[in-house]
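Asker: Return atomic coordinates for the entry below.
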Amino acid sequence: MDEQLKAVLEGINALKSGQEETKKKMENMQRSQEETKERMENMQRSQEETKNELKEGMQKGQERIRKCQEDFKNTLEKKIDNAEGKINSVVEKIALKVEEKIAVVEEKIEKKVEQVEERIREQNDERIEKVAGNFSQRVEDLEKKLPACEKMKENKFVPTSSVPVPASPVSVKLSTSMMEKRTGKGEAAEILQTLPETERLNLNSLYNALDLRFSQKYSKDYARIQMKTRFEQTGESLQEYASEAERLTNLAFSDHPATVREAISLQYFVDGLKDGEIQKPVRMAVVQDLKSALLYALKLEAATKGSRRDRQSIRGARVTADEPCESRLLKEIEKLKEDMQTIKAGISNQEKRNFKCWRRGGTVHLRRNCPRARKEENTVSSSKQEN
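Answerer: I've put the predicted structure just below:
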């Protein structure tokens, strides 16, 4: 019993000692946990501190970036302002230079316009002088061509009718020339022959007859009618047709300005072209006057003639190259076929015929190849030699 009690006591003591050890271990564990907690707290503190430091650094970096952006914007704005100022100054300089050049060009244009106006005035004056000279020459020609009426007294010249005569220098000169001249020649004398004897002394009827013959208003109507029916004729060159169109327009529209006459002559020239290959491109081309249209039409005419020659040469080459190759070869082939047929027919006839020797009556050889005939010929020739 004592031993059992001792064993029990020893076990109890061992348990107590084990409990104490476990308590110590638990205490140690608690201490270690507390230490770990402290470490964790320290770590959290350090993390918070680092976070705060990072936040402060980020804020400082953002502030620096903002400052840099503001500085960059300011520098850009300054540079842009400087560039705008330079551009404005350059634009102003360019504008001044352009204005100066425009002024110089305007002065040159004004000078050229003045020169052109002076030339036009001079040309107009020359034309007016020419027209006046031509008019005076025509009047003088009319005065020269006016025939004298039948014999009449100079002091007793009285018109048969009281029709008022139009007041014009032509009528006055005609009346004076009729009073002065007794003999007439040319077309005016023929006009007098158309008037009856009772109206030859009437200035009004004489004026109307001369106006009908020599006035331009009737020639204008006739020229307009000719222009409507005038086209390019066969064998007529483009230069001749253009000059004829210009002449008719000047006659028909002499009271119109030169630009209008140029446009009318151009239109009639294009409408009257005979060749459609030339008319269509000239009509579609941007041509301003008759001369440029004539030059363009001449170029087209030369080009079309060259292309037609090329086509004709190509066609001639085709005819000369194709006809012999086809017709001659076909003819030769037909002749060869006919010859072959005749040869075949002759061969077949020779095979069908039975040649006979008329001396011996055999079919082995012909008469000219008969040996008996040859022997007879030899004997005859030998006998002749002996004699």
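Asker: Can you pull out the low-pLDDT segments for the chain?
Answerer: Across the chain, residues meeting the criterion (pLDDT under 70) sit at 1, 131-189, 212-218, 309-328, 344, 346-369, 371, 373-375, 377-378, 380-387.
Asker: Tell me where the longest helix sits in it.
Answerer: Among all segments of the chain classified by DSSP state H, the helix with the greatest residue count is helix 2-145.
Asker: and that helix, what does it pack onto?
Answerer: When contacts are defined as 3 or more Cβ pairs under 8 Å, 6 or more residues apart in numbering; DSSP states H and E, helix 2-145 sits against helix 169-180, helix 187-194, helix 203-214. Just so you know, the C-beta spots here come from the backbone N, C-alpha and C atoms, and that holds for glycine as well.
Asker: How many neighbouring residues does residue 224 have?
Answerer: Residue 224 has 14 neighbouring residues, counting by other Cβ atoms under 10 Å.
Asker: Correction: the previous question concerned residue 23.
Answerer: For residue 23, using other Cβ under 10 Å, the count is 10.
Asker: measure it to residue 73 for me?
Answerer: Counting by Cβ to Cβ, to the nearest Å, the gap from residue 23 to residue 73 is 73 Å.
Asker: again with residue 12
Answerer: Here residue 12 is placed at a distance of 88 Å from residue 73 (Cβ to Cβ).
Asker: cool, and residue 256?
Answerer: With Cβ to Cβ as the criterion, residue 256 and residue 73 are 73 Å apart.
Asker: So which of those two has more stuff around it?
Answerer: Neighbours per residue, other Cβ under 10 Å: of residue 256 and residue 73, the larger number sits with residue 256, 14 against 10.
Asker: and that one, what does it touch?
Answerer: By Cβ atoms under 8 Å, 6 or more residues apart in numbering, the contact set of residue 256 is residue 264.
Asker: Next, find the distance separating it from residue 219.
Answerer: Counting by Cβ to Cβ, the gap between residue 256 and residue 219 amounts to 15 Å.
Asker: same check, this time on residue 5
Answerer: Applying Cβ to Cβ to residue 5 and residue 219 gives a distance of 177 Å.
Asker: Those two: which has the busier surroundings?
Answerer: A side-by-side neighbour count of residue 5 and residue 219, using other Cβ under 10 Å, places residue 219 first with 13 against 9.
Asker: Send me the strand or helix carrying the more buried one as PDB with only the CA atoms.
Answerer: According to DSSP states H and E, residue 219 maps onto helix 216-229. Coordinates of each C-alpha in helix 216-229 appear next as PDB, following Å, rounded to 0.1, in the frame of the first residue of the first chain:
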ATOM      1  CA  GLN A 216     -25.400 100.200-148.600                       C
ATOM      2  CA  LYS A 217     -28.700  99.200-147.000                       C
ATOM      3  CA  TYR A 218     -29.700  97.000-149.900                       C
ATOM      4  CA  SER A 219     -26.200  95.500-150.000                       C
ATOM      5  CA  LYS A 220     -26.500  94.700-146.300                       C
ATOM      6  CA  ASP A 221     -29.700  92.700-146.900                       C
ATOM      7  CA  TYR A 222     -28.200  90.900-149.800                       C
ATOM      8  CA  ALA A 223     -25.100  90.100-147.700                       C
ATOM      9  CA  ARG A 224     -27.200  88.700-144.900                       C
ATOM     10  CA  ILE A 225     -29.100  86.500-147.300                       C
ATOM     11  CA  GLN A 226     -25.800  85.300-148.700                       C
ATOM     12  CA  MET A 227     -24.500  84.600-145.200                       C
ATOM     13  CA  LYS A 228     -27.500  82.400-144.400                       C
ATOM     14  CA  THR A 229     -26.900  80.300-147.500                       C
END
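Asker: count of residues packed around residue 99?
Answerer: The number of residues near residue 99, taken as other Cβ under 10 Å, comes to 10.
Asker: how close does it sit to residue 46?
Answerer: Using Cβ to Cβ, which is the criterion applied here, residue 99 is 77 Å from residue 46.
Asker: and what of residue 79?
Answerer: As defined by Cβ to Cβ, residue 79 lies at a distance of 48 Å from residue 46.
Asker: same question, residue 201
Answerer: Taking Cβ to Cβ as the criterion, residue 201 is separated from residue 46 by 149 Å.
Asker: if you count what's nearby, which of the two comes out ahead?
Answerer: A direct count of neighbours by other Cβ under 10 Å for residue 201 and residue 46 places residue 201 higher, at 18 against 10.
Asker: what about that one, is that helix, strand or coil?
Answerer: Going by DSSP: H, G, I helix; E, B strand; the rest coil, the secondary structure assigned to residue 201 is coil.
Asker: related to what we said a few turns ago, name the surrounding residues that touch the helix holding residue 219.
Answerer: Under the criterion Cβ under 8 Å, 6+ apart, residues 212, 245, 248-249, 251-254, 268 lie in contact with helix 216-229.
Asker: Pull stretch 66-82 out as CSV, backbone CA atoms only.
Answerer: Taking only C-alpha atoms (Å, rounded to 0.1, in the frame of the first residue of the first chain), the coordinates of stretch 66-82 have been written out as CSV:
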residue,chain,number,x,y,z
ARG,A,66,1.8,71.3,-61.4
LYS,A,67,4.5,73.9,-61.1
CYS,A,68,6.3,72.4,-64.0
GLN,A,69,3.2,72.4,-66.1
GLU,A,70,2.4,75.9,-65.2
ASP,A,71,5.9,77.0,-66.0
PHE,A,72,5.7,75.0,-69.3
LYS,A,73,2.4,76.7,-70.2
ASN,A,74,3.8,80.1,-69.3
THR,A,75,6.8,79.5,-71.5
LEU,A,76,4.6,78.1,-74.3
GLU,A,77,2.3,81.1,-74.1
LYS,A,78,5.3,83.4,-74.2
LYS,A,79,6.8,81.7,-77.2
ILE,A,80,3.4,81.7,-78.9
ASP,A,81,3.0,85.3,-78.2
ASN,A,82,6.4,86.0,-79.6
